[in-house]
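[1] Task: produce atomic coordinates for the following.
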Amino acid sequence: MATAEPRTLFLGTAPVSARSVAMAAADPTFHVKLNQDALSLIGRSRDVLERAAASGQRVYGLNTLLGSGRDTAVEEESLLAYQIQVVRYHNSGVGSYLERSAARAVILARLIGFSRGGSGVRPETAGFYVEMINRGVLPAIPREGSVGSSDLTQLAAVAAVAIGEGEAFDAGGTLVPGAKALADAGLQPLVLAPGEALALVSANAYSVGVGTLALVRLQRVAELADVALSLSLETIARYDGGGNLSPFSPAIQTAKAVDGQRDSAAAVRHLLRGGWLEDVRPEVSVQDALSFRAAPQTHGAFRSLVTQLGVALEVELNGRGDNPLVDVESGHMVSGGNFQPMQLALAFEGLRLALAHVGISSERRIAKLYPPQRAIRARHLEAASSEAGAPGLAHEELPGLLWYSAAGLLAELKFLAAPATLGAATLSADVEDHSTLAPLALQQLEKSLEAAEKLLAIEALTASYLLLEAGAAQPLGKGTGVVAGRLADVLADRPSAPDLVERARTELRDVIDQVFPGTEEGAGSW
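    Numbers count the residues shown, from 1 in each chain. The predicted model follows:
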């Protein structure tokens, strides 16, 4: 049987999307290839660097020390040894190691940086990073160590393996010396040329690469928020006479042009189409609580910030953040501050605050769902005590304290919304006197995503449980009906509360593709 060709991400000089990076990083069978345009640009970039070196021009990190030693020259005979020193010095990260997809994202983001022509590495060095990805060399990259003025420690962990040092994971997940990982992949250690060590470590490839993975999760959470909201709308319509859809109408959404708001409202209408909430009901409440009525505004603002993150990531991916920058057009090397990803750091910050607001609305909707659940249980208990053989609940009762768990998760979301980027220390003899702390902002965002996914899963579970208890007197929407059906299977298995939420998250991730078919960038296309 013929072996299927691996999917390939071709890197040239054209813009690269954040989503394509995330896809290639998440799939270990995905290969990468530099096209001739990229290789030519990388070669011209290297030529500029070598001319600068031959001219005797003093260039930061090429023939000078780094940081506070920026004005101290490195003698020509020491340049090759200096490359090893730079990698070893910066390979000082701490903490747990990145998982496979995140490590691949780091290498891939740096490789894309090489292809932009600002780094001055040789084409064979860029090609070596291609081979590391394609042959499954997985450096052990510590999570902590960067202050967001280039992710020096994370990238030094990659560079250490490239030169045959450091540590990596083998195919079975065992930590092995970097030299062995290269040998197992059929690669010889890379010998660095002058100026390459700094180019390998001085970039924001952790914040950018892992940020693309967070972007995909955020897009899914935006969809999940609208799914949970739609289920809750149908639930309060059954029990409290609510579920007024007028706030989601095109008339309301066109009255105020807020990015993302129309998409959220359209997603809700899509999920509820064909269901009984579309019919005008004379008994429906004039206005629902703000956690329902103003949800498009809250969810829409969150969607808008997700879009802004995508823009910030693609600015970084397709820009030249190197310092010194090789400017191929002028033929000069120029010092600058493009390694400071402030826009990206602030995008990570804002999204944590937005997730907290999404969580506030979700928890308040959950609170309004619980009183009718208690009423259902009371009616069944009364029937059971007065009639022999009276039927019990159609499904195992939802654990009552999930609401408490939701409240705890909301408290965590609020705590995580605090600024992370304002606490940078002053480093390198007061030369590095400002940093973005983008990695910390990203790591806090990852925690917020985890909490928000659980909280929204609890809302979807609670609403689905109550809808299933109410029976099928009125038809659910075509989208919400599919979701409730999938969660019914989870509820019927009567798992423990932790397993219940985790299984619900898995089902919800899968069913989103079913209810929003063909929406690779999210439900915004509805």
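
[2] would you list every one of the helices in the stretch 201-350 of the chain?
    205-239, 250-254, 261-272, 290-293, 295-318, 342-386 (DSSP state H, counting those that start in this stretch).

[3] could I get those as TSV with mean neighbour count and distance to L11?
    In short, each C-beta sits where N, CA and C put it, glycine included. As requested, those are exported to TSV (neighbours: other CB atoms under 10 Å; distance: least, CB to CB, whole Å):
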stretch	mean neighbour count	distance to L11
helix 205-239	27	14
helix 250-254	13	39
helix 261-272	24	31
helix 290-293	18	45
helix 295-318	23	11
helix 342-386	19	20
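
[4] Need those helices in CSV (columns: mean pLDDT).
    CSV is the format used below for these (pLDDT from 0 to 100):
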stretch, mean pLDDT
helix 205-239, 96
helix 250-254, 93
helix 261-272, 96
helix 290-293, 96
helix 295-318, 98
helix 342-386, 81
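
[5] can you tell which of the ones you listed is closest to R70?
    helix 342-386 (21.6 Å; CB to CB).

[6] Give me the next element, helix or strand, following that closest one.
    helix 402-416 (DSSP states H and E).

[7] So what's the gap between that following helix and the chain middle?
    Its chain's average C-alpha position is 21 Å from that of helix 402-416, according to CA atoms, centre = their mean, to the nearest Å.

[8] before we move on, the earlier item: could I get the helices of the stretch 201-350 of the chain as a markdown table with distance to E283?
    A markdown table is the format used below for the helices of the stretch 201-350 of the chain (distance: least, CB to CB, whole Å):
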| stretch | distance to E283 |
| --- | --- |
| helix 205-239 | 10 |
| helix 250-254 | 21 |
| helix 261-272 | 18 |
| helix 290-293 | 17 |
| helix 295-318 | 22 |
| helix 342-386 | 16 |
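
[9] if I look at A294, how far off is Y404?
    In this view, A294 and Y404 are 25 Å apart by CB to CB, to the nearest Å.

[10] Comparing those two, which residue is more hemmed in?
    Looking at A294 and Y404 with other CB atoms under 10 Å, you find the greater number of neighbours at A294, namely 15 against 10.

[11] what about the closest residue to the more buried one other than its chain neighbours, how many residues close to it?
    Closest residue in space to A294, ignoring its immediate chain neighbours: P247 at 7.3 Å, by CB to CB, 6 or more residues apart in numbering. Other residues within reach of P247, judged by other CB under 10 Å, total 18.

[12] so what's P247 scoring on pLDDT?
    pLDDT, P247: 94.

[13] ok now do it, which residues does it touch?
    Shown in contact with P247 (CB atoms under 8 Å, 6 or more residues apart in numbering): 265, 288, 292-296.

[14] worst-scoring helix or strand of the chain, pLDDT-wise?
    Ranking every helix and strand in the chain by mean pLDDT, DSSP states H and E puts helix 342-386 at the bottom, with a mean of 81.

[15] Work out which residue lies at the spatial centre of this structure.
    Central residue of the chain (CA atoms, centre = their mean): A214, 0.2 Å from the mean position.

[16] got the contact list for that one?
    Neighbours of A214 in contact, by CB under 8 Å, 6+ apart: 309, 348, 442, 445-446, 449.

[17] Let me have these in TSV, extended by distance to A24.
    Shown next, in TSV, are the contacts of A214 (distance: CB to CB, whole Å):
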residue	distance to A24
L309	19
F348	22
L442	19
L445	21
E446	20
L449	21
